[in-house]
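Peer 1: sequence first, then the predicted structure, then my questions.
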Amino acid sequence: MGAMRTGIDARLLHYQAGGISQYTRQLVNALARLDADNSYVILQMRQHDEEITPALNFQRAPCWTPAHHRLERWSLSLEVALLGLEVFHSTDFIPPATGYRRGIITVHDLNFLYFPELLTPESRRHYADQIAWAVRRADKIIAVSEATRQDLIERLHVPERRIAVIYEAAAPAFKPLPPADVTATLARYALAPGYLLFVGTLEPRKNLPAVLTAYARLRERRADVPPFVLAGRKGWLFQEIFTTVARLDLARDVRFLDRPRREDFPALYGGASALVLASRYEGFGLPVLEAMQCGTPVVASNRAALPEITGDAGLLIDPDEPESIAAALERILYDGALRDDLRERGLARAARFSWTRTARETLNQYHLLAET
C-alpha cells in the first residue's frame, strides 16, 4: 500500500468535549500509535488552541468554517481543496461537497429521523436537510453499530456494500480504580459510593422522566435506596426532567452534576452501584461501555444499539415501562452476587472493544478508498 494523505474533521472539538468529539480525539490518537507511514491533516477551528496532532506525520489545518453552519458543505470545500487530500473523513457525518478525491463519513445515530419531535426546530432542520445528502455524497459510510447500519439501510436506503460497521471504544482512562482514589474524587462532589448513575446529555431521548418515575417507585418500596446522580450537561427540551423531580418530591435524592471534569468520570463510574441508561434510542451508547470497562454494572434499554453493546453483561429493560426499570434497579442494588457477576461479565465484554481495533479497521477503509 502506498502512502496517502488523509484529512480528518476535528472542528467540533472546539465546541464540545463529549460524544463525537471524543470519538474524533480517540481515533486520531489511535491512528497515530498505529500508522507512521501515511500523512494526516487534522482540521481544527482557528480559535481552538489545543493541538490534536499526536505524531510527526500529523499536521494541523486551521479552519474558518464553523461546525454545523448552514453553508459549511460549500465553504469548507474551499478550505479543503487547498490541502491535497486523497481521503477526507467527516467524523460528524456532514462532508464538504468537493475538494478531495474520496470521502468517508461516520454516522453515529439517526435519532433525528426516528424522533424528530425530540429535537428543537433548528436542530431538526439542520439534520434532516443534511443526512440524506451526506450519505449520497460519501464514497463510504462507517456505522458505529449494526443497529445504525440497519437504520441506514431501512430509513435512507443506503446499499449495504457502502457501509462498514466499526465499533467505537471507551478511552483507556476508563478502568477500575483503587477505592481510595474513587473516594477522594467523590469527596469533591460531596458524594459517597453506592449511588445510581446516569451519564449523558439531558435531552428527551435519554428518557429520564421514566427513569425518575421508576426511581420514585423504588423509594416507596425501599427506605434505603441510595441517591441518583445525573452527570452531564443540559442539552435541549430538558425542563421536563426538573419538573418530574419536583413533582415526585425527589429534590433531596437526585443530584445533578453539571459538566463534571472529564478526568473524574472513571471515579464517578467506579463509585456507582450501577449505570442506568434507559434511552429510547442510542446509535452506540458509549457510557455503557465506559461503565463496564470501569467494572460498574449496567442497566440499559432493550432498544436500538444498547443490547448489541451490552450483550449478556447487563440488565436490559423496557424503557417505556417504569416498573421494568424499577425492578432492574431493585435487583442490582440488593443482590450482591448479581452485581459481582455483572461486574466480571462487563469487564470481559468491554475488553472486546478497543481504539486500536477501531483505528485499524478505519485505516483499512482509508486504504480501500485511496486505491479506487
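Peer 2: Sure thing, it's come through. Numbers count the residues shown, from 1 in each chain.

Peer 1: which SS class is the spatially closest residue to Gly271 that is not a sequence neighbour?
Peer 2: The shortest distance from Gly271 to any non-neighbouring residue, by CB to CB, 6 or more residues apart in numbering, is to Pro193 (4.2 Å). (Glycine included, C-beta is placed from N, CA and C.) Following DSSP: H, G, I helix; E, B strand; the rest coil, the label given to Pro193 is coil.

Peer 1: my read: Pro193 touches Asp181, true?
Peer 2: No. Pro193 is not in contact with Asp181 according to CB atoms under 8 Å; the separation is 11.7 Å.

Peer 1: which stretches of the stretch 51-200 of the chain form strands?
Peer 2: Using DSSP state E, counting those that start in this stretch, the strands found in the stretch 51-200 of the chain span residues 58-63, 85-90, 100-107, 140-143, 163-165, 195-199.

Peer 1: take those and lay them out in a markdown table including mean pLDDT.
Peer 2: Below are the strands of the stretch 51-200 of the chain laid out as a markdown table (pLDDT from 0 to 100):
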| stretch | mean pLDDT |
| --- | --- |
| strand 58-63 | 96 |
| strand 85-90 | 98 |
| strand 100-107 | 97 |
| strand 140-143 | 98 |
| strand 163-165 | 98 |
| strand 195-199 | 98 |
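
Peer 1: got those as CSV, with distance to Asp264 and mean neighbour count columns?
Peer 2: Listed next are the strands of the stretch 51-200 of the chain as CSV, based on distance: least, CB to CB, whole Å; neighbours: other CB atoms under 10 Å:
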stretch, distance to Asp264, mean neighbour count
strand 58-63, 28, 17
strand 85-90, 30, 25
strand 100-107, 27, 22
strand 140-143, 30, 24
strand 163-165, 32, 18
strand 195-199, 11, 23
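
Peer 1: with distance to Thr243 as added columns, please give those strands in a markdown table.
Peer 2: Output for those, formatted as a markdown table (distance: least, CB to CB, whole Å):
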| stretch | distance to Thr243 |
| --- | --- |
| strand 58-63 | 40 |
| strand 85-90 | 37 |
| strand 100-107 | 33 |
| strand 140-143 | 35 |
| strand 163-165 | 39 |
| strand 195-199 | 17 |
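
Peer 1: nearest to Phe284, out of these?
Peer 2: strand 140-143 (9.4 Å; CB to CB).
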